[in-house]
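**Q** Provided below for reference: sequence and predicted model.
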Amino acid sequence: MIVTFPHMGNVYIGGKALMDDLGVDVVVPPLSTDYALEIGTTQSPEFICSPLKINIGNYVQSIQKGADTVLITGSCGPCRFGYYGVMEKEILMDMGYDVDFIIFEAPDGDIGELIRRMQKATNTRNIAKMAKSIWVAQGIIKEADRIERRMLHLEAVEEDKGTIKKIRKQFKNQARLAKGSKGMRELLRDINSKLDKVLIDNEQKPLKIGLIGEIYTLIEPYINLHIEEKLAALGVEVDRSLCVGEWVTEHLVYRPMGLTRDKKIRKAAQPYLDRCIGGHAWETIGYAAHYSQSGYDGIIQLLPFGCMPEIVAESILPTIQKDYKVPIMTLVLDELTGEAGYMTRLEAFVDLIQRKKERRERHEA
Amino acid sequence: MKIGVPRGLLYYYYFPLWKTFYEELGHEIVLSGETNKNILNMGIKVCVDEACLPVKIFHGHVEDIKEKVDFLFIPRLMSVSYGEFICPKFCGLPEMIIHSIPELPPVLKPDFNFHGKKVNLNKTIEEMIGPLDIEFNAAQKAFHRGMEQIEIYKKNLYNGFLPQEALGFTEEMEPKDPIVKYKGRILVLSHPYHLYDTFTNMNLLKKMETMGYSTMTADTLSSERINYYAATLPKRMFWTFGREIIGAALYTLEEGLPIKGIVYLTSFACGVDSILVDYIERQFKRRSSIPFMQLTIDEHTGEAGIDTRLEAFIEMIERRDFDDRNLSPHGKCVYRG
């Protein structure tokens, strides 16, 4: 059994460490590129959301390198993600690839089945060993998330422009090669100490933008055309609402037990949308209100074209904008998104909030 | 009181319940007009771009009646049967409307949530009453009367009547004689708000009838068999309409019901359909030679284009019976084997 899994932000960092530790052969797909998306676009349903298209590209590239089993998480709707596993298997089958799918979900709340599937994927029946490795892996993903956030905040105020960009590149290249959780930890430590040395320009007071929206488009830099780096280059400090580490624990641990960790955000969403309607609509609304309350200058919503829950959120956002007077822009992403038009919109938005901020400061002075 | 019901989305599914409920309790139901160009345009104006056609049309219907009524009725359908959901846009429909359309009358937005094991029907009934001056006991009775009406309505649909007729009936009618005068049957799959809204689908069912073909929909098939085949999916289909549509498709496929072709009517960028169409098409391609056509509509669709595709599809079906040439209507040459 040689396993692979689709890219989703930093999942591959923890995933690879986990599989290495357990002695499972793993192929990490090449980072998503135009080529991966092209494979997916030609083979997937036309109107499916773009994450699935990229997943297909990831799988095919991995299969060509020898993978024969796909690991993904699941959910039970109403968002389309819940049916990804079934669809992807069908698509690969029609392409002539006969691969196994192991879907990490508890069908109808059956935790036993989830554990059986995990045992199969991790090649061990020892639950304690498995649990320990998973715990270590999620720790690594969280640390990677933390480093990413740190880089986001530093990038806007670094003295030597381009330093963070270099570190990020190095991080990504080495993460694919690091062996096991030990190697990965070393790498993370190394990157952290590099970040400690980054010189900061204390004079700068950058604009602050909060990123909200659908999780995949938020955390996968390829699909959002590296929005974070683009904004940083415009001198903006970015905060991203969702991280993959939290997502994994939330969906694999808390949700099946009927619990949740983000009570604060749900409370902020309360006046606008008071229940989960699938996907991340609730979080989108909650974080929009949260960022508005915490003095951010602007908010950008990202969603893949046709994302059902985010469309509901999109139609509620104007009210939040009106209530708090913080500009909100929605960017819809799919395989047709052109970089030039995208950049123009980002620049115009940053320009707008910059002027708004200046006007406000003059007014206060 | 005048209670406004927009004639869109699940109107074709639940209206007998809503009508019976409020009329039994002495209130007046005001329906928005039949969908037309004007309603569509009003909807497009107020709704977010990315929303799908039926949601935009629903917005238009709200615009159409908002000034004529004391209350607006916009149910939030989280889930209409156990363990299943509906498209997320339905779950957030009241919010979408309230935050997009200004100057609304008070909105009644009862939750219909039958997802969990414990269904709190009383809560739904209470929310349906809202601020109206109605006694709970009477409301409960009216609700159950409404549910009976829904049963009758569904039976009439099963017997081959269209909602336009079936909504007028209060009791079960004799089944329509389906097959005799037609050349064959075509399975039309779609969500009820496309299937039965003659403006949105440009009178698709009627057009097929004029061409000599009777239509079969998920409503005219036995729901027991539909559920049986839907349960054979590798993973439980968690959308209610998804289950019905996929179940109907698999039912016809597995039992070899006599159909000449399948037309799937979908709206541009429909999230649920993006999965359903693909799954169904793959199954039929793999296991049968029944022709499959997907018709996609949105606010820009011209009727002539739809007509052309439909005519070509029907012609291809008819040609199958006597003609197999270089461009084979069977997809492959049947003579050479």
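**A** Perfect, thanks for sending it.

**Q** And the strands in the chain?
**A** I went with chain A, as the question did not name one. Under the criterion DSSP state E, strands of chain A are mapped to A:2-4, A:25-27, A:69-73, A:100-104, A:207-213, A:236-240, A:298-304, A:328-333.

**Q** Hmm, no, I was thinking of chain B.
**A** Counting by DSSP E, the strands of chain B are B:2-5, B:28-31, B:71-73, B:76-79, B:107-108, B:111-113, B:184-189, B:213-216, B:261-267, B:292-297.

**Q** dump the residue contacts of residue A:91.
**A** Contact analysis of residue A:91 by Cβ atoms under 8 Å, 6 or more residues apart in numbering or on different chains lists A:43, A:44, A:56, B:278. To be clear about C-beta, it is placed using only N, CA and C from the backbone, and glycine gets the same treatment.

**Q** From residue A:222, how far off is it?
**A** To residue A:222, residue A:91 is 20 Å away according to Cβ to Cβ, to the nearest Å.

**Q** and the residue nearest to residue A:9 when sequence neighbours are not counted, how many neighbours does it have?
**A** Distances taken as Cβ to Cβ, 6 or more residues apart in numbering or on different chains place residue A:219 nearest to residue A:9, at 3.4 Å, with adjacent residues excluded. When neighbours are defined as other Cβ atoms under 10 Å in any protein chain shown, residue A:219 has 24 of them.

**Q** swap in residue A:345?
**A** 13.

**Q** residues contacting it?
**A** Counting by Cβ under 8 Å, 6+ apart, residue A:345 has contacts A:329, A:331.

**Q** what's the answer for residue B:311, then?
**A** Contacts of residue B:311 (Cβ under 8 Å, 6+ apart): residue B:211.

**Q** Against chain A, how distant is it?
**A** Between residue B:311 and chain A the distance is 23 Å, computed by Cβ to the nearest Cβ, to the nearest Å.

**Q** Now do that residue, the pLDDT please.
**A** For residue B:311, the pLDDT comes out at 94.

**Q** Same check on the one 4 residues further on?
**A** Model confidence at residue B:315, given as pLDDT, is 91.

**Q** Number of residues surrounding it?
**A** Around residue B:315 there are 12 residues (other Cβ under 10 Å).

**Q** So which of the contacts of residue A:91 is surrounded by the most neighbours?
**A** residue A:56 (25 neighbours).

**Q** Spatially, what comes nearest to that one if we skip its sequence neighbours?
**A** residue A:40 (3.8 Å).

**Q** my guess is the one you found contacts residue A:49, does it?
**A** No - the pair residue A:40 / residue A:49 is not scored as a contact, 11.1 Å apart, by Cβ atoms under 8 Å.

**Q** Between the two, point out the one with more neighbours.
**A** Remark: of residue A:40 and residue A:49, residue A:49 carries more neighbours, 29 against 25, as counted by other Cβ under 10 Å.

**Q** Quick one: low-confidence residue ranges for chain A.
**A** Applying pLDDT under 70 to chain A picks out residues A:77, A:251-261.

**Q** Pull the contacting residues for residue 97.
**A** The chain I'm using is chain A. A:59, A:60, A:63.

**Q** meant chain B actually
**A** By Cβ under 8 Å, 6+ apart, residue B:97 lies in contact with B:58, B:59, B:62, B:74, B:104, B:107.

**Q** ok, of these, which one's closest to chain A?
**A** residue B:59 (9.3 Å; Cβ to the nearest Cβ).

**Q** Could you give the number of residues near the closest one?
**A** Residue B:59: 28 neighbours (other Cβ under 10 Å).

**Q** got a list of what it touches?
**A** Contacts of residue B:59 (Cβ under 8 Å, 6+ apart): B:42, B:43, B:46, B:47, B:51, B:96, B:97, B:100, B:101.

**Q** Hmm, the third one is touching residue B:101, no?
**A** Yes - applying Cβ under 8 Å as the test, residue B:46 and residue B:101 come out as touching, 5.3 Å apart.

**Q** got the contact list for residue A:39?
**A** Residue A:39 touches A:56, A:57, A:60, A:61, counting by Cβ under 8 Å, 6+ apart.
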